[in-house]
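Trainee: Need the 3D shape of this:
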Amino acid sequence: MRMSLAQRVLLTWLFTLLFLIMLVLKLDEKAPWNWFLIFIPIWIFDTILLVMLIVKMAGRCKSGFDPRNGSQNMKKKVWYLIAMLLKLAFCLALCAKLQGFTTMKLAYVFIPFWVLLIGGLVELGYNILCIQRD
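Mentor: As a prediction, this is how the structure comes out:
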């Protein structure tokens, strides 16, 4: 299951455009939709990414795969999986807060997002330092 770069860009653009159109309609009060419905394009896109990531990670379980090759690559894929789950947790908490299902403080809703940002900064710093040493 390989997608060209143009296909990935088009898919990303399509789901982002659909999400933004639905968000604008909701914010302008033209559509009385549930907040969970507004985020469906984001969740479909994330599901596609998660399935592709899990399939790539499961490919390491096949017979004849040398575990010494690509251990760094596996760590990166695990980080991607954690990042996707943190994004999913943030979106679910945000929708629950906006819909009024919870009285959780907004600061608590943003905790997965902040953890994701800090993890991204650590990953970026690690990549920059490793590249400078090489």
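Trainee: show me the residues around the residue nearest in space to the middle of the chain that make contact.
Mentor: Computing the C-alpha centroid of the chain and ranking residues by C-alpha atoms, centre = their mean puts Met84 first, at 3.5 Å. With C-beta atoms under 8 Å, 6 or more residues apart in numbering as the criterion, the residues that contact Met84 are 46, 49-50, 53. From N, CA and C alone the C-beta is placed, and that goes for glycine too.
Trainee: Try it again at 6 Å.
Mentor: Contacts here follow C-beta atoms under 6 Å, 6 or more residues apart in numbering; on that basis Met84 touches Leu50.
Trainee: That one: helix or strand, and which one exactly?
Mentor: helix 71-99 (DSSP states H and E).
Trainee: could you point out which element follows that helix?
Mentor: Per DSSP H and E, helix 71-99 leads on to helix 106-109 as the next helix or strand towards the C-terminus.
Trainee: how about the very next helix or strand once past that next one: buried residues?
Mentor: Sequence order places helix 111-133 as the next helix or strand after helix 106-109, per DSSP H and E. Of the residues in helix 111-133, those with enough neighbours to count as buried (16 or more other C-beta atoms under 10 Å) are 112-113, 116.
Trainee: from the chain's centre, how far out does helix 111-133 sit?
Mentor: On the basis of C-alpha atoms, centre = their mean, to the nearest Å, helix 111-133 is displaced by 15 Å from the centre of the chain it belongs to.
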